[in-house]
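Participant: Give me a 3D structure for the following:
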Amino acid sequence: MTSTPDTDASGTSGTAATSPTDAPTTPKRTAGRPRAEGKQRAGLSTRDEILEAAATLFTDQGYTDTTTRQIASVVGIRQASLYYHFADKGSILSALLTGTVEPAVHFAEWLDTQPLDAPTKLYALAKYDLDVILQDRWNLHVLYRLPDAKAERGDTMQAALQEHYLRFATAAAAAGTDPQAVTDDLHLVFGLVESILVQRDWGGGAARHAYADSIARGCLRLVRVPETAFPTIFDIAQRAIATYPA
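Facilitator: Residues are numbered from 1 along each chain as shown. Okay, the predicted model is just below:
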């Protein structure tokens with residue numbers, strides 16, 4: 001007697017069904033983030049990789065000359081995948097710039113909760129902000145000054161930081177030896193701190209930090225804080241910075 005071949009539900013004859021374990025497997029992709037190549041930097045999220053690549057390109061070749069295609073290529077993802085994380089190039093720039101100013105803003109807000117006098121708060125904010133600027137790997141603060149990036153960025157976070165400086169400077173001036181300190185000059189405190197951006201290109205690390213110390217002292221002198229108060233202010237401010245729960 002001749003045996004009849006097995007048939008499937010459709011009536012087609014064939015061999016035994018393929019085991020699920022024999023079926024080819026397709027690597028799973030993360031939704032919205034397919035990569036053209038392997039991960040470039042271990043330990044970084046795709047969003048952080050995009051920010052890092054953009055920061056390098058913006059500072060090396062300028063904002064206008066950098067494209068999202070170039071950024072995606074450096075990261076190793078498709079250009080369309082970049083838009084899963086950022087709406088456009090401008091939003092990448094905004095995220096980078098916010099990250100440069102936000103730490104100092106948060107520190108200033110924390111200082112507001114501390115039982116410190118105004119000159120100490122001003123000095124502590126200047127010291128902390130200067131340290132953040134000097135540790136900025138790509139010197140992204142300079143992007144605030146680039147004409148091609150100016151139209152794309154928002155000033156909300158930087159304006160908040162300027163306001164903190166102005167408040168501390170105003171209060172410190174009121175406590176100084178010269179009650180006739182010109183209010184308009186108080187805005188120079190923020191500009192004095194920002195001058196460290198140029199100093200980053202001069203000398204070595206020791207020279208830059210020495211210049212930063214001079215700037216912080218200059219902020220106190222600008223608002224007429226008496227020199228005799230400096231040692232106490234320096235000591236208390238440094239201890240405040242050391243205890244800041246960043």
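
Participant: quick one: contacts for the nearest residue in space to E102 that is not next to it in sequence?
Facilitator: Spatial nearest neighbour of E102, chain neighbours left out: M157 (5.9 Å); criterion: Cβ to Cβ, 6 or more residues apart in numbering. Using the backbone N, CA and C atoms, a C-beta is placed for each residue, glycine as well. Taking Cβ atoms under 8 Å, 6 or more residues apart in numbering, we find M157 in contact with 97-98, 101-102, 105.

Participant: Could you rerun that using 6 Å?
Facilitator: 98, 101-102 (Cβ atoms under 6 Å, 6 or more residues apart in numbering).

Participant: And it, how far from G99?
Facilitator: 9 Å (Cβ to Cβ, to the nearest Å).

Participant: Next: V223.
Facilitator: Distance from V223 to G99, by Cβ to Cβ: 29 Å.

Participant: which one of those two has more residues nearby?
Facilitator: More crowded of V223 and G99, by other Cβ atoms under 10 Å: V223, with 25 against 14.

Participant: burial count for D129?
Facilitator: 27.

Participant: Okay, it and R221: tell me how far apart.
Facilitator: 17 Å.

Participant: Which phi and psi values does the residue nearest to R137 when sequence neighbours are not counted adopt?
Facilitator: Leaving out its chain neighbours, the residue that sits closest to R137 by Cβ to Cβ, 6+ apart is A55, at 7.6 Å. When read as degrees, to the nearest 10, the backbone of A55 gives phi -60, psi -40.

Participant: For A55, which residues are in contact?
Facilitator: With Cβ under 6 Å, 6+ apart, A55 has these contacts: 96, 138, 140.
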